[in-house]
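Chemist: Dropping a prediction and its sequence here:
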Amino acid sequence: MKKPKYICIEPNCLKKVWKRNTRCREHIEKYKIYPCRKGKNNANFSNGKCLKDYFCMDCGKKISLATGIYGQHRCASCAHKGEKSSGYVDGKTCRKYFCIDCGKEITVSGGFYGKGRCHSCSMKEKYRLGIMNNKGKNNNNFNNWSSLEIYPFGWTKTFKKEIRQRDNQQCQICGIKEKINHKCFDVHHIDYDKRNINPENLICLCKSCHGKTNYNRDIYQEYFRILKAVIK
C-alpha cells in the first residue's frame, strides 16, 4: 500500500500528507481551514458580493457580477441606447427620415447625409437631370432595339442543343466544359443578328463570355471569323 510522501507545510511538523503544499489533519482542525466551505466560512469571502444577484437599473434584466459591481449596472442592450450609445449624435440617429418625394421611410445615412430621397426616387432624379440617361439610344451598346426582336421559327431547344454538341459542349473562348460549369451554355450570334440562325453564324459560349461579347463587338466578330477559319 502506498504511503504519503509529502510533509505538512507547518513549521516543526513532520507529519506526512498526500498533496504538496498542504497541511495535516491536525492543523486543518486547529485553524478551521475547510476548502469546501461556502459564504462567510470561505477564505476568499469579501462582503458577500459574489453571492448577490445584480440586475439592470433600466429594464431589470439579470446581469453579470462584473457589470453589476464594476460596470455601468446596465445590460448590453440598455448600455447602448440613446445618449449612452457611442454613435449618438444629438439624437439624429434616433430620428426617422422619409423620402422628400414619395414619403417612404429611408435610412439615417440617406436622410441626414444624403439627398433625402429613397433609392427609386434618387435614380428618377438622376435620369431627369441627365446624369444617368443611358437608356435606349443613349446607351453605347444600343443596337437598334435588337433585344426586342422575336427569334425566327427554327430557333428551338433542339436546334440549340445541336449547336452545343457540334462545339463539343465547350465554350469557344475560355474552353470550359459544360459539365464543369453545371449550366447549359448560350448560343451566340456572331453577326449579332437574331434572324440569322445559320449554323455558321452560331457559336457556343458560357454565360460569362457571352456577356463580354456585348462590348467591343467588332473585335469579337473578327475573332470568331478567324476561329471559324482555323476550325475548318
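Modeler: Arrived safely. Numbering: from 1, shown residues only.

Chemist: Can you give me the pLDDT of V89?
Modeler: At V89, the model reports a pLDDT of 64.

Chemist: again with N138
Modeler: Model confidence at N138 (pLDDT) stands at 68.

Chemist: just C24 next, same as before
Modeler: Note for C24: predicted pLDDT of 82.

Chemist: and the gap between it and K15?
Modeler: 4 Å (CB to CB, to the nearest Å). Backbone N, C-alpha and C define where each C-beta goes, glycine included.

Chemist: what comes up buried for the helix or strand of the chain with the lowest mean pLDDT?
Modeler: The weakest-scoring helix or strand in the chain, judged by mean pLDDT, DSSP states H and E, is helix 25-31 (a mean of 76). Of all the residues in helix 25-31, those buried under the rule 16 or more other CB atoms under 10 Å are H27.

Chemist: Which secondary structure elements does the following helix or strand past it sit against?
Modeler: Next along the chain after helix 25-31, taking DSSP states H and E as the criterion, comes strand 54-55. Judged by 3 or more CB pairs under 8 Å, 6 or more residues apart in numbering; DSSP states H and E, the packing partners of strand 54-55 are strand 62-63, helix 65-69.

Chemist: ok so, going back, next one: the least confident helix or strand of the chain to chain centre, how far?
Modeler: 62 Å (CA atoms, centre = their mean, to the nearest Å).

Chemist: by contact count, what packs against that helix?
Modeler: Partner elements for helix 25-31 (3+ CB pairs under 8 Å, 6+ apart): none found.

Chemist: Out of the helices and strands packed on strand 54-55, which is closest to Y6?
Modeler: Ranking those by proximity to Y6 (CB to CB) places helix 65-69 first, at 35.4 Å.

Chemist: Next, the buried residues of the closest one.
Modeler: Across helix 65-69, burial judged by 16+ other CB under 10 Å covers T67, G68.

Chemist: Strands along this protein, start to end?
Modeler: For the chain, applying DSSP state E gives strands covering 6-7, 16-17, 54-55, 62-63, 97-98, 105-106, 186-189, 202-205.

Chemist: Any chance of TSV for these, columns distance to F224, mean pLDDT and mean neighbour count?
Modeler: Formatted as TSV, the strands of the chain follow (distance: least, CB to CB, whole Å; pLDDT from 0 to 100; neighbours: other CB atoms under 10 Å):
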stretch	distance to F224	mean pLDDT	mean neighbour count
strand 6-7	89	84	14
strand 16-17	91	84	15
strand 54-55	74	88	15
strand 62-63	70	89	16
strand 97-98	52	88	15
strand 105-106	47	90	17
strand 186-189	8	91	19
strand 202-205	6	92	24
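
Chemist: Which stretch among those strands approaches L129 most closely?
Modeler: strand 105-106 (19.6 Å).

Chemist: Name the strands paired with the closest one and say parallel or antiparallel.
Modeler: When sheet partners are counted by DSSP bridges, strand 105-106 sits next to strand 97-98 (antiparallel).

Chemist: If you count contacts, what does the lengthiest helix in the chain end up packed against?
Modeler: Identified as the longest helix of the chain according to DSSP state H is helix 217-231. When contacts are defined as 3+ CB pairs under 8 Å, 6+ apart, helix 217-231 packs onto strand 202-205.
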